[in-house]
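> Pasting the sequence and the predicted model now:
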Amino acid sequence: MTKFFLFFWFLFSFSVTKAQSIDPRIFDQLSSEQRMKVLSGEQVYATEKIADAPWPQITIFQLIKATPEECAAVSLDYELKPQYSHEFKSAKISKSGPGSQTEVDYLLSVLFLPDEEFTLRYDWSTNEARNQFDLEWSLVRAKRMKKSWGRSIFTPHKGNTLLITQLFTDPGIFGARLFAGKATSQTLEVTDSLVKQIEHEHFFDRQLLEKQIQAIRN
């Protein structure tokens, strides 16, 4: 899949901070060429420098051939992640609740460094008016990582689903700026593997997908 890189100064007013949610109108602010790339199945992404941070904030746009509910159901099957995203060596739910919150312990292969152990807290919600699913996460604890947070929305778009993800990580290691590009590539690959898993289940593994959908409906 082609990755299209852009610096999007014109999206500055839509920039997402940890206290905000993603506005789906951010997609409409892309150029017609960029929107066409997304709608044709390409992954479009943007980076934004964060003050005093070695790695940038990343925003990713990608179309998924599935419904928003199907996309959310696969995304919320946290322990499945190592089966389709090989950067993750393990994923184990360590705490469920309150409400829609879940904490997940991960073991992640990180470029040329020792594996990273960390825990993320997820929370998800639905926007019934838009038939949209929202997922957000933040760092609970880690061996080295200093900060990590992100948000994804799965919003309907012409019979498919538009995924918009925005995330930021400060790895907490000396010299991290030297491999910021590699870290961005790994982030894009993780997102693309999720999209491929969703579409695989949508077309070829309905039994697993229906089980995942029932899990988020209950």
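Looks like it arrived, so ask away. Numbering: from 1, shown residues only.
> Got the phi and psi for V110?
With angles defined as degrees, to the nearest 10, V110 sits at phi -120, psi 90.
> Which strand or helix spans the residue nearest the centre of the chain?
Centroid-nearest residue in the chain: T165, 4.8 Å away (criterion: Cα atoms, centre = their mean). Element membership for T165, per DSSP states H and E: strand 160-170.
> For the residue nearest to the centre of the chain, list each beta-bridge partner.
With DSSP bridges as the criterion, T165 is bridged to I60, S152.
> Just the pLDDT at it, thanks.
Note for T165: predicted pLDDT of 97.
> thought it was touching I60?
Yes: using Cβ atoms under 8 Å, T165 is in contact with I60, at 4.5 Å. All C-beta spots, glycine's among them, are computed from the backbone N, C-alpha and C.
> Tell me the residues that contact both of those two, please.
Common neighbours of T165 and I60, using Cβ atoms under 8 Å, 6 or more residues apart in numbering, are T191.
> can you map out the helices along the chain?
32-39, 68-75, 81-84, 180-204, 206-217 (DSSP state H).
> other SSEs contacting the first one?
Put plainly, it is helix 32-39. When contacts are defined as 3 or more Cβ pairs under 8 Å, 6 or more residues apart in numbering; DSSP states H and E, helix 32-39 packs onto strand 3-6, strand 43-48, strand 57-64.
> Select from the ones you listed the stretch with the lowest mean pLDDT.
Minimum mean pLDDT among these: strand 3-6, a mean of 45.
> would TSV of the helices and strands packed on helix 32-39 with mean neighbour count be doable?
Formatted as TSV, those follow (neighbours: other Cβ atoms under 10 Å):
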stretch	mean neighbour count
strand 3-6	14
strand 43-48	20
strand 57-64	21
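> Can you lay out the ones you listed as CSV showing distance to G159?
Listed next are the helices and strands packed on helix 32-39 as CSV, based on distance: least, Cβ to Cβ, whole Å:
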stretch, distance to G159
strand 3-6, 23
strand 43-48, 19
strand 57-64, 10
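> show me where pLDDT drops low in the protein?
For the chain, the stretches flagged by pLDDT under 70 are 1-20.
> mind redoing it with 80?
Along the chain, segments meeting pLDDT under 80 span 1-21, 111-113.
> Give the bridge partners for the closest residue to N131 other than its chain neighbours, please.
For N131, ignoring the flanking residues on the chain, the nearest one in space by Cβ to Cβ, 6 or more residues apart in numbering is P156 at 5.2 Å. P156 forms beta bridges with T161, as assigned by DSSP bridges.
> what do you get for L120?
Assigned bridge partners for L120, using DSSP bridges, are V104, L139.
> and it, how many residues sit next to it?
20 (other Cβ atoms under 10 Å).
> and the gap between it and A176?
For L120, the distance to A176 (Cβ to Cβ, to the nearest Å) stands at 19 Å.
> Just the buried residues of the strand holding T165, please?
Across strand 160-170, burial judged by 16 or more other Cβ atoms under 10 Å covers 160-170.
> other SSEs contacting it?
Short answer (3+ Cβ pairs under 8 Å, 6+ apart): strand 160-170 packs on strand 57-64, helix 68-75, strand 147-157, helix 180-204.
> got the angle between the first one and helix 32-39?
Calculated by axes from the mean of the first three to the mean of the last three Cα atoms, to 10 degrees, strand 57-64 forms an angle of 60 degrees with helix 32-39.
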